[in-house]
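S.K.: The sequence isn't on hand, but the structure is:
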Ligand code: DQA
């Protein structure tokens, strides 16, 4: 079984970016821990700061039944991208929307998600553990 984790814009800076909000850990250490804990799952990772690249990756895996699903932290595109929402709606795989911070406890502009309605579920506010909770949800189905 495979799971693809996609991170959107600015999430390549995890560990250095606003540590008071996003913590001190890097995505590399998060992925190491996940791959150790879920050694039976092939966990792939893709990060891009570009909306179209995220859409292309969703299309590439979206009809491949060897994936249990996609864990997507679309970053700020969460709040703006009808195009990413359309891509999620277009594919067959389940997508779980993930956020490191609790977006609902932050500025009003972060309260609305363009993608929640086309995702299987939403996990927000658990730091990098949000990714593990999403992997757990996909692996349990
Ligand atoms: C984020 C929340 C978004 O509002 C923000 O633009 C991000 C990260 C999160 O993981 O908490 O880039 O998706």
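M.R.: That came through, no problem. Quantities reported herein were computed from a predicted structural model and do not represent experimental measurements.
S.K.: what pLDDT does the closest residue to residue 77 other than its chain neighbours get?
M.R.: Of all residues not flanking residue 77 in the chain, residue 8 sits nearest, at 5.1 Å (Cβ to Cβ, 6 or more residues apart in numbering). For glycine as for every other residue, the C-beta is placed from the backbone atoms N, C-alpha and C. Per-residue pLDDT puts residue 8 at 98.
S.K.: For residue 8, which residues are in contact?
M.R.: By Cβ atoms under 8 Å, 6 or more residues apart in numbering, the contact set of residue 8 is 47-49, 54, 72-78.
S.K.: These in helices, which ones?
M.R.: residue 54 (DSSP state H).
S.K.: which bits of the chain sit near the ligand?
M.R.: 10, 73, 75-76, 78, 99-101, 103, 110 (Cβ under 6 Å from any ligand atom).
S.K.: The nearest residue to residue 78 once chain neighbours are set aside: neighbouring residues, count only.
M.R.: The shortest distance from residue 78 to any non-neighbouring residue, by Cβ to Cβ, 6+ apart, is to residue 113 (5.0 Å). Counted with other Cβ atoms under 10 Å, the neighbours of residue 113 add up to 21.
S.K.: Against the ligand, how distant is residue 135?
M.R.: 15 Å (Cβ to the nearest ligand atom, to the nearest Å).
S.K.: doesn't residue 40 make contact with that residue?
M.R.: No. Residue 135 lies out of contact with residue 40 (Cβ atoms under 8 Å); the separation is 11.4 Å.
S.K.: out of the two, which sits in the busier spot?
M.R.: Neighbours per residue, other Cβ under 10 Å: of residue 135 and residue 40, the larger number sits with residue 135, 22 against 7.
S.K.: bridging residues for the residue sitting nearest the centre point of the chain?
M.R.: Central residue of the chain (Cα atoms, centre = their mean): residue 72, 2.1 Å from the mean position. Beta-bridge partners recorded for residue 72 (DSSP bridges): residue 6, residue 97.
S.K.: who touches it in this structure?
M.R.: 5-6, 8, 54, 58, 88, 95-98, 115, 119.
S.K.: repeat that for 7 Å
M.R.: By Cβ atoms under 7 Å, 6 or more residues apart in numbering, residue 72 lies in contact with 6, 95-98.
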